[in-house]
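>>> got a structure for you, letters missing:
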């Protein structure tokens with residue numbers, strides 16, 4: 001299946017997205033957690049545990065194993081192509097480096113000893129336990145020297161002064177896909193854009209803003225990746241090559257990253273509005289940037305929301321159900337109460353299954369269970385209009401107390417028995433005492449028809 005990026009159809013859309021997995025490179029083969037189970041894979045893989053995406057040791061795009069295994073040819077990713085190679089190819093110039101806040105964009109051919117880029121792809125995978133962000137890059141030829149591919153993820157959609165790349169904001173992420181000369185096992189690193197704090201936290205710069213110290217995702221077990229060591233036939237290239245061409249060896253790389261690593265634990269609901277790919281002239285972080293593929297809009301996030309609507313029966317307001325304000329609900333250890341519209345919304349919820357529990361107000365009976373399970377797998381915000389997150393409804397019915405009494409006018413003159421029944425059977429019985437007085441009471445009765453029979457002096 002050929003997947004192409006359509007900026008017009010994807011920009012600004014809110015669709016159901018699966019959790020992220022970055023095809024991060026540079027894995028340690030000794031880390032068994034990164035190696036696919038031999039029973040599940042028919043060929044060598046270095047996939048992240050829990051992901052269904054195949055990261056083959058000899059990278060490719062086709063699905064090699066039975067379901068639930070997936071690969072690029074079986075998913076619809078965001079894909080972006082570079083401008084044609086030659087004089088009109090976008091590139092960075094004038095010594096632009098990673099820490100250059102507003103990169104200088106020029107046109108021109110990319111030297112053959114550097115990475116002349118062709119395409120990149122991004123896919124977000126949602127599983128039962130976590131999210132994974134998958135990435136791929138595709139270049140014209142294997143460079144003669146050491147080069148590196150860097151994926152930049154930006155939160156803002158505002159274009160910088162160069163008219164192409166976004167304005168960087170604190171928390172933007174740089175994924176560095178490092179390949180030493182002749183290397184086939186990539187190592188993935190992560191840096192974050194810093195706007196405050198000590199300059200000692202910068203990877204290379206002595207001033208802010210800057211990219212933070214590199215974090216080795218591969219060594220932490222949060223990323224894995226590979227490149228193609230053999231040519232990929234056009235028929236298996238998912239449209240990257242057209243017959244009779246092939247994807248030449250060492251011109252395609254893929255990676256997977258545990259998406260939660262991008263937030264660093266401080267921002268579990270990290271989201272990004274765009275991504276772009278660039279090549280660096282060596283594995284030095286301060287090396288000049290060369291080719292780049294202009295940013296592609298994304299709706300990349302791993303958090304959603306649950307909106308609760310609470311209703312009650314209330315005769316004074318008329319028949320049917322009405323909004324119920326002031327009722328407490330708890331989700332993930334956080335408690336909120338419903339507003340005048342009988343609603344409350346829990347946002348910034350990472351994808352997963354949640355228990356929504358009502359604290360039953362006094363004087364009511366729940367129309368259903370007090371705890372309901374809601375699965376959050378849709379990118380959404382409580383403040384977005386229209387609201388696109390998960391919804392759940394709770395209803396309550398008011399209760400009534402019943403009391404019937406007898407009082408003999410002549411002390412001890414009569415004796416009585418009392419029996420009250422309702423929709424579910426007997427709700428109360430009673431007999432009078434020696435003085436002929438007595439009562440029967442029933443509490444917490446839901447609406448219905450109730451009958452009390454009193455037999456006096458049988």
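Cool, got the structure. As the structure is a prediction and not an experimental result, all values here were calculated from the model.

>>> now do the buried residues in stretch 274-282.
For stretch 274-282, the neighbour count (16 or more other Cβ atoms under 10 Å) marks 274, 275, 276, 277, 278, 279, 280, 281 as buried. The way it works is simple: take the backbone N, C-alpha and C, and place the C-beta from them, glycine included.

>>> in a markdown table: these, plus pLDDT and distance to residue 451.
Putting those into a markdown table (pLDDT from 0 to 100; distance: Cβ to Cβ, whole Å) gives the following:
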| residue | pLDDT | distance to residue 451 |
| --- | --- | --- |
| 274 | 94 | 70 |
| 275 | 96 | 71 |
| 276 | 97 | 76 |
| 277 | 97 | 78 |
| 278 | 93 | 81 |
| 279 | 89 | 85 |
| 280 | 85 | 85 |
| 281 | 77 | 91 |
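
>>> which ones among the residues you listed lie within strands?
Mapping these onto strands (DSSP state E) picks out 274, 275, 276, 277, 278, 279, 280.

>>> bridged to the third one, which residues?
Put plainly, it is residue 276. residue 152 (DSSP bridges).

>>> residues touching it, list them.
For residue 276, the contact set (Cβ atoms under 8 Å, 6 or more residues apart in numbering) comprises 80, 120, 151, 152, 165, 292, 293, 294, 295, 296.

>>> ok, the ones in strands among the buried residues of stretch 274-282 vs residue 235, which is closest?
residue 277 (25.1 Å; Cβ to Cβ).

>>> go ahead and confirm the closest one touches residue 149.
Yes. If you go by Cβ atoms under 8 Å, residue 277 and residue 149 touch, sitting 6.2 Å apart.

>>> so what's in contact with these two at the same time?
Contacts common to residue 277 and residue 149, judged by Cβ under 8 Å, 6+ apart, are 117, 137.

>>> low-confidence stretches in the stretch 1-150 of the chain?
Scanning the stretch 1-150 of the chain for pLDDT under 70 picks out 1-42, 86-88, 108-114, 144-147.

>>> burial count for residue 167?
15 (other Cβ atoms under 10 Å).

>>> hmm, it is touching residue 158, no?
Yes. Between residue 167 and residue 158 there is a contact at 4.6 Å, judged by Cβ under 8 Å.

>>> picking up where we left off before, now, the most widely separated pair of the contacts of residue 276?
120 and 165 (14.3 Å).

>>> settle it for me: which of those two has more neighbours?
residue 120 (27 against 22).

>>> am I right that the more buried one is in a helix?
No. The assignment for residue 120 (DSSP: H, G, I helix; E, B strand; the rest coil) gives strand, which keeps it out of a helix.

>>> which residues does it form beta bridges with?
Assigned bridge partners for residue 120, using DSSP bridges, are residue 80, residue 137.

>>> same check, this time on residue 420
Applying DSSP bridges, one finds that residue 420 bridges with residue 428, residue 452.

>>> same question, residue 194
Beta-bridge partners of residue 194, as defined by DSSP bridges: residue 210.

>>> how many neighbours does it have?
By other Cβ under 10 Å, neighbour count at residue 194 equals 22.

>>> which residues are in contact with it?
Contact partners of residue 194, counting by Cβ under 8 Å, 6+ apart, are 170, 201, 202, 208, 209, 210, 211, 212.

>>> for the second one, give its distance to residue 173.
If I follow you right, that is residue 201. Separation of residue 201 from residue 173 (Cβ to Cβ, to the nearest Å): 15 Å.

>>> ok, the two, which is more surrounded?
residue 173 (25 against 14).

>>> confidence score at residue 179?
Note for residue 179: predicted pLDDT of 82.

>>> that one touches residue 150, doesn't it?
No. Counting by Cβ under 8 Å, residue 179 does not reach residue 150; the two are 11.7 Å apart.

>>> all helices for the protein, in order.
7-10, 217-220, 260-263 (DSSP state H).

>>> nearest residue to residue 78 other than its sequence neighbours?
Once flanking residues are discounted, residue 78 sits nearest to residue 122: 4.7 Å by Cβ to Cβ, 6 or more residues apart in numbering.

>>> which residues touch the one you found?
Here residue 122 is in contact with 77, 78, 133, 134, 135, 151, 275, 296, 298, 300 (criterion: Cβ under 8 Å, 6+ apart).

>>> and it, how far is that from residue 134?
Distance, residue 122 to residue 134, using Cβ to Cβ: 7 Å.

>>> shared neighbours of the two, anything?
Common neighbours of residue 122 and residue 134 (Cβ under 8 Å, 6+ apart) are residue 77.

>>> which phi and psi does residue 320 have?
phi 90, psi -170 (degrees, to the nearest 10).

>>> what about it, neighbour count?
Under the criterion other Cβ under 10 Å, the count of neighbours that residue 320 has is 8.

>>> once you drop chain neighbours, what's closest to residue 175?
In space, residue 175 is closest to residue 151, 4.3 Å off (Cβ to Cβ, 6+ apart).
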